[in-house]
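J.: give the three-dimensional model of this entry:
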Amino acid sequence: MTGVNKISLSLGALCLSALFAFFNSMGLEALGLFPLVLLFIYLAVFETEKFFLSIAFLTPLSVNIEEYTDGLGLFLPTEPLLFGLMVLFLFIQIKSPFLDVRIWRNPIIICVLSYIIWLVFTSVTSTDPLISFKSVLAKLWFIIPLLIFGTHFFRKHENRIIFLWLFIVSCCLVVCFTLVHHSIYGFGEEEGHWVMWPFFKDHTIYGATVALCLPISLALLKQKGSPPLSKAILILLNVILIVGLIFSYTRAAWLSVICASIIGMLVYFRVNFRFLMGLGLAFSLIIYSQWDNIQLALAKNTHEHTTEAFEEKIQSAANVTTDASNLERINRWDCAIQMFKKKPITGFGPGTYAFEYAPFQDPENQTIISTNFGDMGNAHSEYLGTLSETGLLGLLLFLSIIASIFISAIRLYYKTAIQENDTKLLIMGIIVSLSSYFIHAFLNNYLDTDKAAVPVWAMCAMIIAMSLPIANDQSIKQG
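T.: Purely as a prediction, here's the structure:
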């Protein structure tokens, strides 16, 4: 940016700040946001790359205004900014194409586009098309700017590092806020369910986001190219994330980190895929043959997470007898399966589960936290929620996205030369991080929120972007 542009930007920001203060002093808060909107537009047009990267920092700090409005669920400021970037990028792409055409042949992009087409189709057949099309639009303003256009910005290694740094630092700020707030209540478990508000709705999405950050933060710490100050800061950030994860009291997040770490080790040691398939088949057969004994053991498990002891919380995760949280999750899963059985081909339509599941509740599955009106949210499973809303084909397309992500990432990891150790570490961090989310997704679904969608789709874009130079090198060698 030239000196003239810097002066113009500074004067513009000063004028907009003055207008913002003036409107607020006059009691016109809504008009007071107008100068801020103009500032965002200016930055998006003239500082597009920096503005795109700033989304990472704003995401953990965003606030859902649903509780302050008449049911309008919108994360500020991230969702309006992402919508604006989507429109801007599409306009620029149509006028002067800048995307690498090779991305359209990438399996991740192909699977995502196929999934979007099916979402649009199932919105037409939806029980409530308006809700479904709104749901699809909300997915698009995550996918288009972050996944598709993100492949352009993430071609630069430094942009990948900056984006992840900003997200981790911002997440750590929220963790610090939460820990300070939590300390007022003596780190009690009940209070631990909501002390992260207003930045996170509850401890489950908070725990999932912290768990997602940890592998990336560790990968950045191990990179050899980092200066000593950066390493010292990363050590502090890792400590903050670990403490935040412990006091999130989120059993699913703890388990997802453990399982994701195992996946990382399997990739690192290049464990044969056929061996894993055989092991998985043998394990499935053992479970099938011992299912009656397993059910008896689960029925005897009455451990509830009433204390902060780690081992008791892990035991309570398998309590399907008295633990209300686990029983309610089973209730939601059963509703999703029953909804699928009624509409197996197209499902009820994207975004409709919360409005349709109530009649499918089995009285025997209902708990003390169930409601007859079915007004308590989603299916508590990314996979079963997709199955109930978009049918069997929708679930298969969603699973194809996940398969393409991990196949692409693991292949990229193995193809990356030893000399590019920092890149190799980053890829491993992304694999473990995404594993933690998609394992967690068996128990919760958050891809309709910016907290999960922004990092997940951004990391997928990084995988695609990092694979492009390799594809280019191969084409040169073949020529």
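J.: contacts and neighbour counts: CA atoms only from here.
T.: OK.
J.: give me the neighbour count for M428.
T.: Residues contacting M428 under the criterion other CA atoms under 10 Å number 23.
J.: tell me what the host helix or strand of L179 is packed against?
T.: Assigned by DSSP states H and E, L179 belongs to helix 157-183. With contacts taken as 3 or more CA pairs under 8 Å, 6 or more residues apart in numbering; DSSP states H and E, helix 157-183 sits against helix 48-61, helix 203-222, helix 228-246.
J.: nearest to I41, of those?
T.: helix 48-61 (9.6 Å; CA to CA).
J.: give me the angle between the closest one and helix 203-222.
T.: When axes from the mean of the first three to the mean of the last three CA atoms, to 10 degrees is applied, the directions of helix 48-61 and helix 203-222 differ by 130 degrees.
J.: roughly how far apart are the residue lying closest to D448 once chain neighbours are set aside and S114?
T.: In space, and not counting its chain neighbours, D448 is closest to K139: 6.6 Å by CA to CA, 6 or more residues apart in numbering. In this view, K139 and S114 are 14 Å apart by CA to CA, to the nearest Å.
J.: same question, K222
T.: From K222 to S114 the distance is 37 Å (CA to CA).
J.: from what I can see G377 touches A354, true?
T.: Yes. Checked against CA atoms under 8 Å, the pair G377 and A354 is within contact range at 5.1 Å.
J.: more neighbours: these two, which one.
T.: A354 (16 against 11).
J.: wait, is the more buried one part of a strand?
T.: No. With DSSP: H, G, I helix; E, B strand; the rest coil as the criterion, A354 is located in helix rather than a strand.
J.: low-confidence ranges in this structure?
T.: Along the chain, the parts satisfying pLDDT under 70 run over 1-39, 69-72, 280, 284, 287-288, 290-324, 372-376, 469-479.
J.: ok, which stretches of it are strands?
T.: 63-64, 75-76 (DSSP state E).
J.: could you list every helix and strand in contact with the longest helix along the chain?
T.: Across the chain, the longest stretch assigned as helix under DSSP state H is helix 382-415. When contacts are defined as 3+ CA pairs under 8 Å, 6+ apart, helix 382-415 packs onto helix 107-124, helix 324-342, helix 353-356, helix 421-440, helix 450-478.
J.: quickly compare the ones you listed and say which is most buried.
T.: Mean neighbour count (mean count of other CA atoms under 10 Å) peaks for helix 421-440 among those, with a mean of 23.
J.: which other helices and strands contact it?
T.: helix 203-222, helix 251-268, helix 382-415, helix 450-478.
J.: list the buried ones in the first one?
T.: In this case it means helix 203-222. 203-221 (16 or more other CA atoms under 10 Å).
J.: just to revisit the earlier point, just put the helices and strands packed on helix 421-440 in CSV and tack on distance to R155.
T.: Shown next, in CSV, are the helices and strands packed on helix 421-440 (distance: least, CA to CA, whole Å):
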stretch, distance to R155
helix 203-222, 18
helix 251-268, 24
helix 382-415, 14
helix 450-478, 5
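J.: so which of those helices comes closest to L58?
T.: Across these (criterion: CA to CA), the nearest stretch is helix 450-478, sitting at 9.9 Å.
J.: which one of the helices and strands packed on helix 421-440 lies nearest to F98?
T.: helix 450-478 (13.8 Å).
J.: could you work out the end-to-end span of stretch 368-385 for me?
T.: Using CA to CA, the two ends of stretch 368-385 sit 22 Å apart.
J.: what does that stretch contact?
T.: The contact list for stretch 368-385, computed with CA atoms under 8 Å, 6 or more residues apart in numbering, reads 324, 328-329, 332-333, 335-337, 353-359, 395, 441-447.
J.: and stretch 337-355, end to end?
T.: 15 Å.
J.: check the offset of that stretch from the chain's centre.
T.: Remark: stretch 337-355 is offset 23 Å from the chain centroid, using CA atoms, centre = their mean, to the nearest Å.
J.: repeat that for stretch 82-100.
T.: Distance, centroid of stretch 82-100 to centroid of chain: 23 Å (CA atoms, centre = their mean).
J.: buried sites along that stretch?
T.: 82-86, 88-90, 99.
J.: adding distance to F406, write the helices and strands packed on helix 157-183 out as CSV.
T.: Shown next, in CSV, are the helices and strands packed on helix 157-183 (distance: least, CA to CA, whole Å):
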stretch, distance to F406
helix 48-61, 22
helix 203-222, 15
helix 228-246, 25
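J.: among those, which comes closest to L74?
T.: helix 48-61 (12.4 Å).
J.: who touches that closest one?
T.: 43-44, 77-78, 81-82, 85, 153, 159, 162-164, 166-171, 174, 199-200, 450-451, 454-455.
J.: returning to that earlier point: any idea which of the strands of the chain is most buried?
T.: strand 63-64 (a mean of 22).
J.: quick one: strands adjacent to it?
T.: strand 75-76 (antiparallel) (DSSP bridges).
J.: centre of the chain to the strand it pairs with, how far?
T.: With CA atoms, centre = their mean, you get 15 Å for strand 75-76.
J.: from H152, how far out is the closest residue to I109 other than its chain neighbours?
T.: Distance criterion CA to CA, 6+ apart; nearest residue to I109, sequence neighbours excluded, is I103 at 6.9 Å. As for I103, its distance to H152 is 10 Å (criterion: CA to CA).
J.: can you check I369 too?
T.: 46 Å.
J.: of the two, who's got more company?
T.: Taking other CA under 10 Å, I369 and H152 do not tie; H152 has more neighbours (19 against 10).
J.: on that earlier part again, quick check: buried residues in the longest helix of the chain?
T.: So, applying 16+ other CA under 10 Å, buried residues of helix 382-415: 382-402, 404-406, 408-410, 412-413.
J.: got the angle between that helix and helix 251-268?
T.: 30 degrees.
J.: and helix 382-415 with helix 421-440, angle?
T.: 160 degrees.
J.: begin at 8 from here
T.: Okay, using 8 as the starting number, the last item reads as helix 389-422.
J.: H189: neighbour count?
T.: If we define neighbours as other CA under 10 Å, then H189 has 21 of them.
J.: who touches it in this structure?
T.: H189 touches 195, 198-199, 202, counting by CA under 8 Å, 6+ apart.
J.: so how far is N245 from it?
T.: Counting by CA to CA - H189 and N245 are separated by 19 Å.
J.: now find how far off-centre the longest helix of the chain is within its chain.
T.: Per CA atoms, centre = their mean, the centroid offset for helix 389-422 relative to its chain is 14 Å.
J.: in a markdown table: the contacts of H189, plus neighbour count and distance to L286.
T.: Listed next are these as a markdown table, based on neighbours: other CA atoms under 10 Å; distance: CA to CA, whole Å:
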| residue | neighbour count | distance to L286 |
| --- | --- | --- |
| G195 | 15 | 41 |
| E198 | 16 | 41 |
| G199 | 22 | 38 |
| V202 | 24 | 42 |
